[in-house]
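K.L.:
with the sequence up front, the predicted model follows.
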Amino acid sequence: MSKVQDILEQVKKRNPGESEFHQAVEEVLKSIEPVLEKHPEFIENGILERIVEPERQIMFRVPWVDDNGNIHVNRGFRVQFNSAIGPYKGGLRFHPSVYLGIIKFLGFEQIFKNSLTGLPIGGGKGGSDFDPKGKSDAEIMRFCQSFMTELYRHIGPDVDVPAGDIGVGAREIGYLFGQYRRLRNAYEAGVLTGKGLTYGGSLVRKEATGFGLIYFVREMLAANNESLKDKTIVISGSGNVATYACQKAQEYGAKVVAMSDSKGYIYDKDGIKLDTIKQIKEVERKRISEYVKYHPEAEYYEGKKVWDVKCDIALPCATQNDIDVDYAQKLIDNGVIAVGEGANMPCTNEALDLFLENNILVAPAKAANAGGVATSALEMAQNSMRLSWTFEEVNKKLDDIMVNIFKMSDKAAKEYGMEGNYIAGANIAGFLKVANAMMAQGTV
Ligand SMILES: NC(=O)C1=CN([C@@H]2O[C@H](COP(=O)(O)OP(=O)(O)OC[C@H]3O[C@@H](n4cnc5c(N)ncnc54)[C@H](OP(=O)(O)O)[C@@H]3O)[C@@H](O)[C@H]2O)C=CC1
Ligand SMILES: O=C(O)CCC(=O)C(=O)O
């Protein structure tokens, strides 16, 4: 049995029932096999055994009271995966599907993503099985306060810096920050990112993941003599990442014809009117089906996935395992040329293999959605300096970071004989930096 196979078996045995975590580990380990052949010292120094085991996993009770006085108990998580190159960094997800395996897959991916940004941030992730949908602002606040009442003792600007993810946006970060500040009796702005602009937030953080995705896709297309101009795009999701990916893609002259939420998708053959999406999702917090009330010429498909729609470029920006092998085949049959992963692990490993076999360009999540966490690190830098950069300054830094991530992924793929396979390239480049740092720091 190869070393990688051996480690995968161990991971499955030690983390039973955590299929998303197994999937994420398998994807990374398989693509770094050529690196291990060239660098047996990584195996000799137990880098693989250590990198798949979180440094610390915290699980806690989150009791809260709803508006009718009923008591609820949710489960909170923070997985501090790897701090070899910087403090743990990664978002918080509030969604009923959250369990330890989801947080572990996200924390594991975050190690390599954060490494690719070139900034000094380690990997971590957290969240809760709390469902923010349908809750009042006061309920959200009480939940966030209870969550932070335990979490605060485990985090800090040089220890672990959470941010948003699914179900956690500016409102939740605000409540979490308020409670942290109160418990610590100190203004440690750099303890959370994605903050509001009046209390230490960075311009462009809101837009960063979506914008960064499009910058990466732009680079990938250019390297393959293509561009975004006049391309038809389909996006899954209509949250933070999806919205700003749509905005930037439209700015580059692409036509986005479909977007979705967990209930269904809308198709607007003339192109999605993004102001309407923002109004429905950011202001009213309603379902995407509302779109057709504003634009009766558009169509709504309940219970269906956007991947039924013909497109040149597919941008999965909702959640994990959104594109399985059947949807991948459908996209290929419909003439897709590129897939840009805005969400974390939105394609199954079989779907990714099928895309590569068919020469479809794939911008892998760890690289393509790294603009969010990179801008979080820029927010931390501004907090440390007690300065704020302009929108243009942050946006330029974000663009430069995404160009660099593309170059690193491209170069690593070429160096290891897998030209055009940016999935392997990103995994290899992300892994090498962390593995070398772990080697230099001894067995810890
Ligand atoms: N925010 C960020 O900066 C970053 C986010 N990501 C990743 O991007 C993805 C989207 O995150 P973000 O935009 O922040 O989250 P949001 O909560 O803002 O939006 C999530 C979107 O995805 C849909 N969605 C969520 N879960 C499901 C599900 N189980 N099935 C179908 N649709 C679903 C939601 O629909 P509905 O409202 O109906 O649930 C919503 O449209 C996630 O994978 C996240 O990990 C990656 C890097 C950074
Ligand atoms: O901004 C951050 O710290 C985290 C973003 C995130 O959760 C992610 O990259 O998946």
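P.N.:
Alright, I've got the coordinates. Ligands and ions are numbered 1, 2, ... in the order given.
K.L.:
just the CA coordinates for the helix or strand harbouring Leu176, please, in CSV.
P.N.:
Leu176 is part of helix 170-184 when elements are defined by DSSP states H and E. C-alpha atoms of helix 170-184 as CSV (Å, rounded to 0.1, in the frame of the first residue of the first chain):
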residue,chain,number,x,y,z
ALA,A,170,-21.8,41.5,8.6
ARG,A,171,-24.7,41.4,11.0
GLU,A,172,-23.5,38.2,12.8
ILE,A,173,-19.8,39.5,12.9
GLY,A,174,-21.1,42.7,14.5
TYR,A,175,-22.9,40.8,17.3
LEU,A,176,-19.9,38.5,17.8
PHE,A,177,-17.5,41.3,17.9
GLY,A,178,-19.6,43.3,20.4
GLN,A,179,-19.7,40.3,22.8
TYR,A,180,-16.0,39.6,22.4
ARG,A,181,-15.1,43.2,23.2
ARG,A,182,-17.3,43.2,26.3
LEU,A,183,-15.9,39.9,27.6
ARG,A,184,-12.3,40.8,27.0
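K.L.:
what packs against that helix?
P.N.:
With contacts defined as 3 or more C-beta pairs under 8 Å, 6 or more residues apart in numbering; DSSP states H and E, the packing partners of helix 170-184 are strand 88-94, helix 137-151. In short, each C-beta sits where N, CA and C put it, glycine included.
K.L.:
quick one: closest of those to Gly76.
P.N.:
For Gly76, the closest of these is helix 137-151, at 5.4 Å, according to C-beta to C-beta.
K.L.:
do you know how far Ala258 is from Gln279?
P.N.:
18 Å (C-beta to C-beta, to the nearest Å).
K.L.:
neighbour-wise, which of these two wins?
P.N.:
Ranked by neighbour count (other C-beta atoms under 10 Å), Ala258 and Gln279 place Ala258 first, with 26 against 15.
K.L.:
kindly state the beta-bridge partners for that one.
P.N.:
Applying DSSP bridges to Ala258 gives these bridge partners: Val234, Tyr267.
K.L.:
what sits against it?
P.N.:
Going by C-beta atoms under 8 Å, 6 or more residues apart in numbering, Ala258 touches 234-235, 265-268, 272, 306, 309, 311.
K.L.:
hmm, back to that, quick check: which of the helices and strands packed on helix 170-184 is buried the most?
P.N.:
Counting by mean count of other C-beta atoms under 10 Å, strand 88-94 has the highest mean neighbour count of these, with a mean of 28.
K.L.:
show the subsequent helix or strand relative to it.
P.N.:
With elements assigned by DSSP H and E, the helix or strand that comes after strand 88-94 is helix 100-116.
K.L.:
can I get that next one in PDB, CA atoms only?
P.N.:
What follows is helix 100-116, C-alpha atoms only, in PDB (Å, rounded to 0.1, in the frame of the first residue of the first chain):
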ATOM      1  CA  LEU A 100     -17.700  18.100  13.000                       C
ATOM      2  CA  GLY A 101     -16.900  16.500   9.600                       C
ATOM      3  CA  ILE A 102     -18.000  19.700   7.700                       C
ATOM      4  CA  ILE A 103     -15.900  22.000   9.900                       C
ATOM      5  CA  LYS A 104     -12.900  19.600   9.600                       C
ATOM      6  CA  PHE A 105     -13.100  19.500   5.800                       C
ATOM      7  CA  LEU A 106     -13.300  23.300   5.700                       C
ATOM      8  CA  GLY A 107     -10.500  23.800   8.200                       C
ATOM      9  CA  PHE A 108      -8.300  21.300   6.300                       C
ATOM     10  CA  GLU A 109      -8.800  23.100   3.000                       C
ATOM     11  CA  GLN A 110      -8.200  26.400   4.700                       C
ATOM     12  CA  ILE A 111      -4.600  25.400   5.500                       C
ATOM     13  CA  PHE A 112      -3.600  25.200   1.800                       C
ATOM     14  CA  LYS A 113      -5.800  28.100   0.700                       C
ATOM     15  CA  ASN A 114      -4.300  30.400   3.300                       C
ATOM     16  CA  SER A 115      -0.800  29.300   2.300                       C
ATOM     17  CA  LEU A 116      -1.500  30.200  -1.300                       C
END
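K.L.:
tell me the helices and strands packed up against the strand of greatest length in the chain.
P.N.:
Looking across the chain with DSSP state E, the single longest strand is strand 71-82. When contacts are defined as 3+ C-beta pairs under 8 Å, 6+ apart, strand 71-82 sits against strand 56-65, strand 88-94, helix 100-116, strand 122-128, helix 137-151, strand 160-163.
K.L.:
distance to Leu29 and mean pLDDT added to the ones you listed, as CSV?
P.N.:
Converted to CSV, the helices and strands packed on strand 71-82 look like this (distance: least, C-beta to C-beta, whole Å; pLDDT from 0 to 100):
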stretch, distance to Leu29, mean pLDDT
strand 56-65, 20, 98
strand 88-94, 20, 98
helix 100-116, 11, 98
strand 122-128, 16, 98
helix 137-151, 30, 98
strand 160-163, 25, 98
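K.L.:
tell me which parts of the stretch 201-350 of the chain are close to ligand 2?
P.N.:
By C-beta under 6 Å from any ligand atom, the residues of the stretch 201-350 of the chain that approach ligand 2 are Asn344.
K.L.:
show me which residues of the stretch 201-350 of the chain sit near ligand 1.
P.N.:
Counting by C-beta under 6 Å from any ligand atom, the positions of the stretch 201-350 of the chain adjacent to ligand 1 are 209, 237-242, 261-263, 317-319, 342-344.
K.L.:
hmm, which of those are the buried ones?
P.N.:
209, 237-242, 261, 317-319, 342-344 (16 or more other C-beta atoms under 10 Å).
K.L.:
ok, so of those residues, who is nearest Asn383?
P.N.:
Comparing these against Asn383 with C-beta to C-beta places Thr209 closest, at 19.4 Å.
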